[in-house]
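Undergrad: Here's a sequence, model it:
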Amino acid sequence: LNDQWSLGAGLTANYGFWKIERVPLIGGGTREQSDGDWAFGGRFGVMYEPSQSTRVGMVWTSQAEFNFNVDATVSGLRPDWTYSLPVAANVPMPQQFMGSVYQKLSDRWAMMGNVGWQQWSKFSDTTTETNNINTTSSLQLKDTWHVAYGMQYTLNEQTKLNAGVAFDTSMYQHQSQTSFAMPNGDTWRFGAGMQYALSARDEIGVAAEYLRSQGGSDPSTLLSGSYDHVQMFFLSVNYTYRF
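TA: So this is what the prediction gives:
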């Protein structure tokens with residue numbers, strides 16, 4: 001809009017992957033079925049830059065939902081017996097707000113911080129369908145909060161190095177009352193990355209992240225289980241072009 005205020009908007013395309021492993025009663029090994037689905041949404045942001053060394057912004061992301069279906073015949077559970085056990089689940093992605101601040105400390109160093117909120121309390125009822133039997137779980141969900149802190153080091157005119165740590169609260173009120181389709185707990189994230197300017201208008205970036213999360217269990221009578229010692233690794237590549 002001017003030298004201090006900027007607005008941004010865009011569409012999001014998210015791809016989710018869901019896999020189930022079934023263990024036969026005899027013969028050993030496992031039977032795997034998987035499914036993928038696209039979930040689309042939108043984003044809107046605003047940024048205020050009071051000076052060349054300070055930026056404050058906020059972004060809103062709309063809710064979206066994955067719909068997974070596994071419909072396969074399982075064999076080898078017992079001698080000469082096959083069984084069709086279709087499973088379907090809806091996994092939501094809630095709307096969220098994220099506020100951010102960037103402060104340049106010197107010609108080399110800058111610091112960044114985030115505070116975020118996600119509306120998980122809206123999705124307390126989730127439905128899982130197994131063999132054409134619908135099961136609705138009245139999950140005890142709550143809104144979640146996110147805080148993060150990072151540092152950026154300018155190596156040269158083209159290269160910037162980033163590192164940071166973040167913490168997210170669990171969306172469950174009790175970790176003994178979770179859903180197997182949506183594992184979640186208090187989570188720590190540790191990340192590092194690099195941005196490289198290809199020209200005055202465009203740049204490319206790479207990043208890696210390690211996640212360690214609190215475990216949880218699903219007590220439902222139809223599909224139960226637990227997630228223990230949860231760890232995840234993420235890799236990302238991004239490209240930015242300024243018009």
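Undergrad: pLDDT below threshold where in this structure?
TA: In the predicted model of the chain, residues 22-30, 71-86, 125-138, 221-223 satisfy pLDDT under 70.
Undergrad: mind redoing it with 90?
TA: By pLDDT under 90, the low-scoring segments of the chain are 16-36, 64-94, 120-141, 173-185, 200, 215-230, 242-243.
Undergrad: Can you tell me what sits against stretch 101-109?
TA: When contacts are defined by Cβ atoms under 8 Å, 6 or more residues apart in numbering, stretch 101-109 is touched by residues 52-57, 110-113, 151-154. In this view, the C-beta of every residue, glycine as well, is placed from N, C-alpha and C.
Undergrad: ok, of the residues you listed, which come out buried?
TA: 55, 57, 110, 112, 152, 154 (16 or more other Cβ atoms under 10 Å).
Undergrad: The spatially most central residue of the chain pairs with what?
TA: Residue closest to the mean C-alpha point of the chain, counted by Cα atoms, centre = their mean, is residue 93 at 8.4 Å. Using DSSP bridges, the bridge partners assigned to residue 93 are residue 64.
Undergrad: quick one: it and residue 13 touch, right?
TA: No - using Cβ atoms under 8 Å, residue 93 is not in contact with residue 13; the gap is 12.0 Å.
Undergrad: list the residues that contact both of the two?
TA: Counting by Cβ under 8 Å, 6+ apart, the contacts common to residue 93 and residue 13 are residue 39.
Undergrad: Pull the number of nearby residues for residue 35.
TA: If you count neighbours by other Cβ atoms under 10 Å, residue 35 ends up with 19.
Undergrad: Ok, the one 3 residues further on next?
TA: Burial of residue 38, expressed as a neighbour count using other Cβ under 10 Å, amounts to 11.
Undergrad: And the host helix or strand of it, what does it pack against?
TA: Using DSSP states H and E, residue 38 maps to strand 31-51. Using 3 or more Cβ pairs under 8 Å, 6 or more residues apart in numbering; DSSP states H and E as the contact test, the elements touching strand 31-51 are strand 5-22, strand 54-61, strand 64-70, strand 73-78, strand 87-93.
Undergrad: As a markdown table, those strands with distance to residue 117 would be great.
TA: Compiled in a markdown table, the helices and strands packed on strand 31-51 are given as follows (distance: least, Cβ to Cβ, whole Å):
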| stretch | distance to residue 117 |
| --- | --- |
| strand 5-22 | 18 |
| strand 54-61 | 10 |
| strand 64-70 | 17 |
| strand 73-78 | 41 |
| strand 87-93 | 14 |
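Undergrad: closest to residue 176 out of those?
TA: Checking those against residue 176 by Cβ to Cβ gives strand 87-93 as the closest, at 20.2 Å.
Undergrad: neighbouring strands for the very next helix or strand once past the closest one, and are they parallel or not?
TA: Counting by DSSP H and E, the next helix or strand C-terminal to strand 87-93 is strand 96-104. According to DSSP bridges, strand 96-104 has the following sheet partners: strand 54-61 (antiparallel), strand 109-118 (antiparallel).
Undergrad: Can you name the residues in contact with the first one?
TA: Translated: strand 54-61. Residues from elsewhere that reach strand 54-61 (Cβ under 8 Å, 6+ apart): 8, 12, 41-50, 95-104.
Undergrad: Narrow those to just the buried residues.
TA: Neighbour counting by 16+ other Cβ under 10 Å classes 41, 45, 47, 49, 95, 96, 98, 100, 102, 104 among the contacts of strand 54-61 as buried.
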